[in-house]
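>>> okay, here's the prediction I keep looking at, along with the sequence it came from:
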Amino acid sequence: MDGRSIGDAMARAGHEQVVFVADRASELRAVIAIHSTALGPSLGGIRFWRYPSEADAVRDVLALSEAMTYKAAVAELHQGGGKAVVMVDDPDAPRSEALLRALGRAIDELGGRYIAAEDVGATTRDMDVIAEETPWVTGVAEERGGSGDPSPVTAVGVLHAMHAVCDEVFGDPSLRRRRVVVQGAGHVGAHLVALLRDSHADVAVADVNTSRASAVADEHGAEVVEHEHVLEQECDVLAPCALGGVTSLETVPRLRCRAIVGAANNQLTDPSVAGALAARGIVYAPDFVVNAGGIINIAEEFTGYSRERALKRAAAIGETTARVLRVARERGVTPEDAALELARGRLRTEAVPGGHWRPGDPAAWTDGQPLRTLRPGHP
Ligand code: NAD
């Protein structure tokens, strides 16, 4: 923890609670972090990952849960930020039912202060098993009232953010003939390529899995570019839709795009990169603003899922992005700082009584009744 205690790290970033979970029988080792419940129960995915050390897992869960707070706040959702990490040897290996049930019981004991979802390494089946132990889990199968794959909704949000950015940069929101380079032809990337082609953009796509890139490009009439050179591609918009950390002080000088708008989480290696991008005149739309479609989709699950409503709400990411860019321009700050200020403003002015949501409190969507379950009408 960089020489600091976990408590100090929590206090510095304002985390409310960190729970260590161990289950001898199933060998579960997990950490659940609740950064903030000021706007409602915290929500965030469960990440199954091979961490070099426990300190790395704690560092990751603290940073990820904090980012979830800002993502929900900017998206105008009534929920806070949380995350869970499970330390595993092989993130791709199927998890035992015993391990998932033990995790589900630990989540249940938090009484709804942490609501789980899928993240890296997690599957709908994992969520279904966890749901056997607790109601506080989303992303369960659609037949159980779940919201299904969030990727199409996330891609719609990214597209609307891109329109807003084009309006800011080129004075025209249209994507017609704009060259957009999409890094990652996975769940979100593939949907985004399709939407961009429908918007008549010239699209290039890159993936470390070259056959995946080719398949997506062939299906939608896009070009394939080598994944090693994706950052040096001359383009109007670069759309990182693979892993985080693509934009660093080392990579910024190599970029040849006018703007960055993508789904990947944690695109900047550290906050100073936002300043380096601004200095090069590259407009960076903050990832936690752009990729909120996933949690917007989940939030619909709380009241009875409707994909149509989720898609409509994801479209509002365009207006939020435009607002962030306008505030950044007017105040002479980076869009990253403008978005963080927007989030912190909501946390200050719209916090629940007492500042922390507790089990049994109503949620924004329960008409003053205690929150007892998600997905009304479904067991
Ligand atoms: P995914 O695993 O389906 O796709 C990622 C793709 O990126 C894979 O095809 C992988 O081969 C490729 N890739 C990995 N490293 C690469 C590299 N260096 N260059 C090019 N390609 C590379 O993941 P996804 O669900 O599409 O999510 C993409 C990103 O968006 C992730 O960072 C995720 O955290 C974030 N995100 C996703 C959602 C969602 O709804 N799925 C929501 C919010 C944020």
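Right, received. Where do you want to start?

>>> whichever residue of the chain sits closest to the ligand: neighbour count?
Here the chain gets closest to the ligand at one residue, Gly186, 1.7 Å apart by C-beta to the nearest ligand atom. C-betas here are computed from N, CA, C, even on glycine. Counted with other C-beta atoms under 10 Å, residues neighbouring Gly186 total 17.

>>> pLDDT at it, what is it?
pLDDT, Gly186: 94.

>>> start the count at 19 instead of 1 going forward.
Sure, I'll start counting at 19 from here, so that last one is Gly204.

>>> surely Ala292 touches Thr352?
Yes: assessed by C-beta atoms under 8 Å, Ala292 is found in contact with Thr352 at 4.1 Å.

>>> shared neighbours, these two?
Here Ala292 and Thr352 have Tyr302 as joint contacts, going by C-beta atoms under 8 Å, 6 or more residues apart in numbering.

>>> residues of the stretch 69-218 of the chain that sit close to the ligand?
Pro168, Ser169, Thr172, Gln201, Gly202, Ala203, Gly204, His205, Val206, Gly207 (C-beta under 6 Å from any ligand atom).

>>> try it again with 5 Å
Pro168, Ser169, Thr172, Gln201, Gly202, Gly204, His205, Val206 (C-beta under 5 Å from any ligand atom).

>>> contacting residues for the residue of the chain closest to the ligand?
So Gly204 contacts Asp225, Arg230, Cys259, Ala260 (C-beta under 8 Å, 6+ apart).

>>> Leu57 now?
Taking C-beta under 8 Å, 6+ apart, one finds Thr87, Ala90, Ala91, Leu95, His96, Gln97, Gly98, Arg364, Leu365, Glu368, Ala369, Val370 in contact with Leu57.

>>> by neighbour count, which of the residues you listed wins?
Thr87 (32 neighbours).

>>> for that residue, which non-adjacent residue is closest in space?
Using C-beta to C-beta, 6 or more residues apart in numbering and skipping the chain neighbours, the partner closest in space to Thr87 is Gly99 (2.9 Å).

>>> helix or strand for that neighbour, which one?
Take DSSP states H and E as the rule and Gly99 turns out to sit in strand 98-105.

>>> so does stretch 303-311 get close to the ligand?
Yes: judged by C-beta under 5 Å from any ligand atom, stretch 303-311 comes into contact with the ligand at Asn309.

>>> buried stuff in stretch 346-357?
Residues of stretch 346-357 classed as buried: Ala346, Val351, Thr352, Pro353, Glu354, Asp355, Ala356, Ala357 (neighbour count, 16 or more other C-beta atoms under 10 Å).

>>> do I have it right that Ala310 meets Ala334?
No: Ala310 lies out of contact with Ala334 (C-beta under 8 Å); the separation is 9.3 Å.
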